[in-house]
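[1] Here's a sequence, model it:
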Amino acid sequence: MQRLDDLLFAQGFGTRRQCAGLIAQGLVQVQGGVCTDPAAVFPPQGLRIAVQGQPWECRSPAYLMLHKPAGYECSQRPSAWPSIYALLPAMLRQRPAAKGGRASGVQAVGRLDQDTTGLLLLSDDGTFIHRMNAPRRHVPKVYEVSAAHAVTAAQIARLLEGVVLHDDPQPVRAAACEATSSHALRLTLTEGKYHQVKRMLAAVGNRVAALHRSRIGQLALPADLAPGQWRWLDEAQLALLQPL
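    Modelled structure (predicted):
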């Protein structure tokens, strides 16, 4: 059980003083009814509230997916493009750090380039973020690649065998690779090097024209999640984020 003012604070609705004020003013509903007592206690996980008329489902820690659109940077301080964090409600950006987190608000689990679209995970659970980013975990990530030139069997064979990138003498290999059309392929990676897909395609004599991440582990980007939209991850979906 958790005090309502502490619960609102943990969800990112402001300082504890601000949250207590919202409750005392009758601006907070819990399960459909107004609550004016900041000290009232409730089971926090999954509790449905509304603050100043805005509905919210309480989750702590926060685990969510975002369908990243093109033209957004995965940075809190973007340089040339808007930030993906602008696509999220203020509560997710403002909530205090949780479970091993070093920064307030949810953080992206890895990054996608501004011109790359698709599945992106975010959380305020620092342990989860570190675990998902750890190279030894080998969590597969599936990319749908549109190539500038026709994809050949020789190129696919080289991607599977391994190619050497300029900054690393050790070859990097695709865990799986198949052509999906004459100018497209599906590439599965278990590593996360800088611009890895683009550099691997360049190493075999082709070039990425468009890039979309469709899956992380066994978690696929839902067909009904439009670009720019986000959604909570449930326990079953979190269980799909397993290494090979």
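[2] For residue 132, give me its contacts.
    Residues touching residue 132, when contacts are defined by C-beta atoms under 8 Å, 6 or more residues apart in numbering, comprise 109, 110, 121, 139, 241. C-beta: built from backbone N, CA, C; applies to glycine.
[3] Likewise for residue 122?
    With C-beta under 8 Å, 6+ apart as the criterion, the residues that contact residue 122 are 62, 63, 64, 65, 66, 88, 92, 106, 107, 108, 109, 230.
[4] next one: residue 32
    Contact criterion C-beta under 8 Å, 6+ apart gives residue 48 as the residues in contact with residue 32.
[5] cool, the one 5 residues further on as well?
    Residue 37 makes contact with 4, 23, according to C-beta under 8 Å, 6+ apart.
[6] So the residue lying closest to residue 16 once chain neighbours are set aside: helix, strand or coil?
    Of all residues beyond its chain neighbours, the one nearest residue 16 is residue 9 (4.8 Å), with distances taken as C-beta to C-beta, 6 or more residues apart in numbering. Three states are possible here, and by DSSP: H, G, I helix; E, B strand; the rest coil the one that applies to residue 9 is helix.
[7] Distance check, the closest residue to residue 63 other than its chain neighbours against residue 123.
    Beyond its immediate neighbours in the sequence, the residue positioned closest to residue 63 (C-beta to C-beta, 6+ apart) is residue 233, lying 4.2 Å away. The spacing between residue 233 and residue 123, counted by C-beta to C-beta, to the nearest Å, is 9 Å.
[8] Quick check: neighbours shared by these two?
    With contacts defined as C-beta under 8 Å, 6+ apart, the residues adjacent to both residue 233 and residue 123 are 63, 64.
[9] These two: which is more packed in?
    Each of residue 233 and residue 123 had its neighbours counted (other C-beta atoms under 10 Å), and the higher figure belongs to residue 123 (22 against 19).
[10] That one against residue 65, yeah?
    No. In terms of C-beta atoms under 8 Å, residue 123 does not count as a neighbour of residue 65; the distance is 10.1 Å.
[11] For the protein, which residues score under the pLDDT cut-off?
    Under the criterion of pLDDT under 70, the regions of the chain flagged as low confidence span 98-103, 243-244.
[12] Kindly recompute the last result at 50.
    100-101 (pLDDT under 50).
[13] what residue is smack in the middle of it?
    Among the residues of the chain, residue 121 comes closest to the average C-alpha position under C-alpha atoms, centre = their mean, at 1.6 Å.
[14] For that residue, which non-adjacent residue is closest in space?
    Sequence neighbours aside, residue 109 is the residue nearest to residue 121 in space, at 4.0 Å (criterion: C-beta to C-beta, 6+ apart).
[15] Now for the closest residue to residue 27 other than its chain neighbours, how many residues are close by?
    Counting by C-beta to C-beta, 6+ apart, residue 52 is the residue found nearest to residue 27 once chain neighbours are left out, at 5.0 Å. The local packing of residue 52 (other C-beta under 10 Å) involves 10 other residues.
[16] Next one: residue 197 relative to residue 191, how far apart?
    Spatial separation of residue 197 from residue 191 under the definition C-beta to C-beta is 11 Å.
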